[in-house]
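[1] sequence first, predicted model second:
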Amino acid sequence: MTALWEQLPQRVYSAAQVRELDAAAIATCGVTAYELMCRAGEAALRVLARRWPSARVLAVVCGVGNNAGDGLVVARLAKAAGFGVRALLVAGVERLTGAAAQAAADARGAGVVLEPFAAARLRGADVVVDALLGTGLARPVAGEFRAAIDAMDAAEAPVLALDLPSGLDADSGWPMPVAVRAAVTVTFVGLKQGLFLGAAVDHCGELEFAGLDLPATLGATFTPALERVVLDDLRRALPRRARSAHKGTAGRLLLVGGGPGMAGAIRLAAEAALRVGAGLVYVATHPDNVATVLVGRPEIICRSAGSERDLEEFIGFADGAVLGPGLGQTAWAHGLWRRLIASDLPLVVDADGLNLLAVERRERGNWLLTPHVGEAARLLRSEVSDVQRDRCAAARSLATTFAAHVILKGPNSLVGAPGEPLRVCDRGNPGLASGGTGDVLAGVLGSLLVQTRDLALAARAGVLLHALAGDAAAADGERGTLASDLLPHLRTWANPS
């Protein structure tokens, strides 16, 4: 059975673009605003019934715009289906206009009582439906609306958010300054970029999409704000191998890193590269670490690199390289870093490879940089808060500044390159917030690089493969997931066909 996340569209739009899609649907598809509202309410109720099949009492919290109208349609349809319904209006019904006013009239006509919002009326509900604020939010939430959000967040019942959690900025994904924490969000017409950015991961819960029976070609002329990384990227990068394949055709990867006391980082990266299918994996590491890297994994070809001169043989026959896991920032590390940066090999640069680049900027190209927010701030000579505030701008700036493919790591990692649309990976979980998982990702990316000879495809496929392996590793619990727990799952996802 196809997972729900696989059914989400690839294209992600700004709030303004989604409003244009709504207008285009009304202008060209022969539907009215109220008909779209009714379709949204029907879709939301289907999601609610599937997610909470034992629910019997709903509390629907409504504001004053079209989001409220969607909620009132849910209330009307739910009452007709035999639910107990409390339709709670944060503002007077007289403030509703257009399609939302029609939704209120039809709800009343169907016997739904429209009553003023009170936090106490959420008690006893099996599900709270958040229909308070939609994509048109343009100023900080205050007064009775903020009180309603606080009450929904304090309620014992799970929250189903309509279109996006109330209070969340539809473009940035940041609360303004508060936002509902939903268990499930069902969004309509087009995916909004704010569902994938900022703090959205802490507010949206599980995301579902309802296209409202509109044609898939509706937004074909729009350039999306983002594109989701999808399984097709992974399938393109890792098709079924020909029976005649051999280790030479599967790519030769060099990994450089592992300074004193940091053998684990380069070992994790090397084993990840093998698990994803690189034909030959070479490690150049500090003389102290050779035995440790080889213990229990004889498939790694590990050599001592006492200085940059020891890299020459490797550079001559490798198809690509990973630079940085456990490298350190010593004179030894800096020498190896300079030599590999000066080579013609396509590179994945991670960890201390990035920290050295922040200190000693180089122009290069033909490389993939994989910073987390702290490393990104150092590379951009800015503050971590600046990167976090607008991760899209930071990713684009990194790509432009360094003429690089970039993965800005974190919840919903961003993938970018100069002149290309930003991609977002919406898989992964907090279990990946542990030491070594970044080293595993570096190895995955290097392996895909030498197998595909395509940095852009390796970046997209690699970040998704790593996230999916992380989700599988954390299936029994996120807390306590180790980086090495991902390794067997990498092999599974490296065979997607």
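    Here it is on my side, so go on. This one's a predicted model, so the numbers in the text were calculated from it and none came from an experiment.
[2] from here on, just use CA atoms for contacts and neighbour counts.
    OK.
[3] what's residue 341 in contact with, if anything?
    By C-alpha atoms under 8 Å, 6 or more residues apart in numbering, residue 341 lies in contact with residue 364.
[4] can you give me phi and psi for it?
    Taking degrees, to the nearest 10, you get phi -60, psi -30 for the backbone angles of residue 341.
[5] any idea how far it lies from residue 178?
    Using C-alpha to C-alpha, to the nearest Å, we find residue 341 at a distance of 45 Å from residue 178.
[6] cool, and residue 243?
    In terms of C-alpha to C-alpha, residue 243 sits 56 Å off from residue 178.
[7] again with residue 153
    From residue 153 to residue 178 the distance is 10 Å (C-alpha to C-alpha).
[8] do you know how far the nearest residue in space to residue 300 that is not next to it in sequence is from residue 301?
    Spatial nearest neighbour of residue 300, excluding adjacent residues (C-alpha to C-alpha, 6 or more residues apart in numbering): residue 281 at 5.7 Å. Distance from residue 281 to residue 301, counting by C-alpha to C-alpha: 6 Å.
[9] hmm, back to that, confirm the residue nearest to residue 300 sits in a strand?
    Yes. Counting by DSSP: H, G, I helix; E, B strand; the rest coil, residue 281 falls inside a strand.
[10] next, count neighbours for it.
    By other C-alpha atoms under 10 Å, 24 other residues sit near residue 281.
[11] next: residue 428.
    So residue 428, with other C-alpha under 10 Å, has 23 neighbours.
[12] mind listing the strands for the stretch 201-350 of the chain?
    Using DSSP state E, counting those that start in this stretch, the strands of the stretch 201-350 of the chain run over residues 206-210, 226-228, 252-256, 280-285, 301-304, 320-323, 347-349.
[13] okay, now the sheet partners of the first one, with direction.
    Looking at strand 206-210 with DSSP bridges, its paired strands and their directions are strand 184-188 (parallel).
[14] ok, residues contacting the partner strand?
    Contacts of strand 184-188 with the rest of the structure, by C-alpha under 8 Å, 6+ apart, involve 40, 44, 47, 159-165, 204-212.
[15] take those and keep only those in helices.
    The helices, defined by DSSP state H, take in 40, 44, 47 from these.
[16] show me which of these is closest to residue 67.
    Proximity of those to residue 67, judged by C-alpha to C-alpha, is greatest for residue 40, which lies at 9.7 Å.
[17] wait, what's in contact with the closest one?
    Residue 40 sits in contact with 70, 188, 210, 212, where contact means C-alpha under 8 Å, 6+ apart.
[18] which one of residue 243 and residue 178 is surrounded by more residues?
    Counted by other C-alpha under 10 Å, residue 243 and residue 178 do not tie: residue 178 has more neighbours, with 18 against 6.
[19] not counting sequence-adjacent ones, nearest residue to that one?
    Using C-alpha to C-alpha, 6+ apart, the nearest residue to residue 178 is residue 167, at 5.7 Å.
[20] name the helices or strands packed onto the particular helix or strand that has residue 58 in it?
    Per DSSP states H and E, residue 58 falls inside strand 57-62. Contact analysis of strand 57-62 by 3 or more C-alpha pairs under 8 Å, 6 or more residues apart in numbering; DSSP states H and E lists helix 66-80, strand 84-89, strand 127-131 as its packing neighbours.
[21] pLDDT on that strand, on average?
    Averaged over strand 57-62, pLDDT sits at 98.
[22] quick one: strands adjacent to that strand?
    strand 84-89 (parallel), strand 127-131 (parallel).
[23] contacts for the last one, please.
    Just to be clear, that refers to strand 127-131. With contacts defined as C-alpha under 8 Å, 6+ apart, strand 127-131 is touched by 52, 55, 57-63, 67-71, 122, 152, 157-162, 165-166, 180.
[24] residue 403 falls within a strand, correct?
    No. Counting by three-state DSSP, residue 403 is located in no strand; its state is coil.
[25] show me what contacts it?
    363-365, 417-418.
[26] same thing but at 7 Å, please
    365, 418 (C-alpha atoms under 7 Å, 6 or more residues apart in numbering).
[27] phi, psi of it?
    According to degrees, to the nearest 10, residue 403 has phi 50, psi 50.
[28] gap between it and residue 193?
    Relative to residue 193, and taking C-alpha to C-alpha, residue 403 is found at 25 Å.
[29] next one: residue 418
    Distance of residue 418 to residue 193, given as C-alpha to C-alpha: 20 Å.
[30] related to what we said a few turns ago, tell me which of the helices and strands packed on strand 57-62 sits nearest to residue 349.
    Shortest distance between residue 349 and these, using C-alpha to C-alpha, is found for strand 127-131: 43.6 Å.
[31] which SSE is immediately downstream of the closest one?
    helix 143-154.
[32] next, the buried residues of that next one.
    Buried positions in helix 143-154, judged by neighbour count with 16 or more other C-alpha atoms under 10 Å: 145-153.
[33] show me how far that helix is from its chain's centre.
    Centroid separation for helix 143-154 versus its chain: 27 Å, with C-alpha atoms, centre = their mean, to the nearest Å.
[34] angle of that helix against strand 84-89?
    Inter-element angle recorded for helix 143-154 and strand 84-89: 150 degrees (by axes from the mean of the first three to the mean of the last three C-alpha atoms, to 10 degrees).
[35] picking that back up, same list, the contacts of residue 40, but as a markdown table with pLDDT please.
    Output for those, formatted as a markdown table (pLDDT from 0 to 100):
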| residue | pLDDT |
| --- | --- |
| 70 | 98 |
| 188 | 97 |
| 210 | 97 |
| 212 | 95 |
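[36] who wins on neighbours among these?
    residue 70 (30 neighbours).
[37] I figured it was touching residue 42, is that so?
    No. The pair residue 70 / residue 42 is not scored as a contact, 9.0 Å apart, by C-alpha atoms under 7 Å.
[38] now the strands: where do they sit in the stretch 351-497 of the chain?
    Under DSSP E, counting those that start in this stretch, the stretch 351-497 of the chain gives strands at 367-369, 405-408, 414-416, 423-424.
[39] now these in TSV, with mean pLDDT and distance to residue 173?
    Below are the strands of the stretch 351-497 of the chain laid out as TSV (pLDDT from 0 to 100; distance: least, C-alpha to C-alpha, whole Å):
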stretch	mean pLDDT	distance to residue 173
strand 367-369	98	25
strand 405-408	98	17
strand 414-416	98	14
strand 423-424	98	13
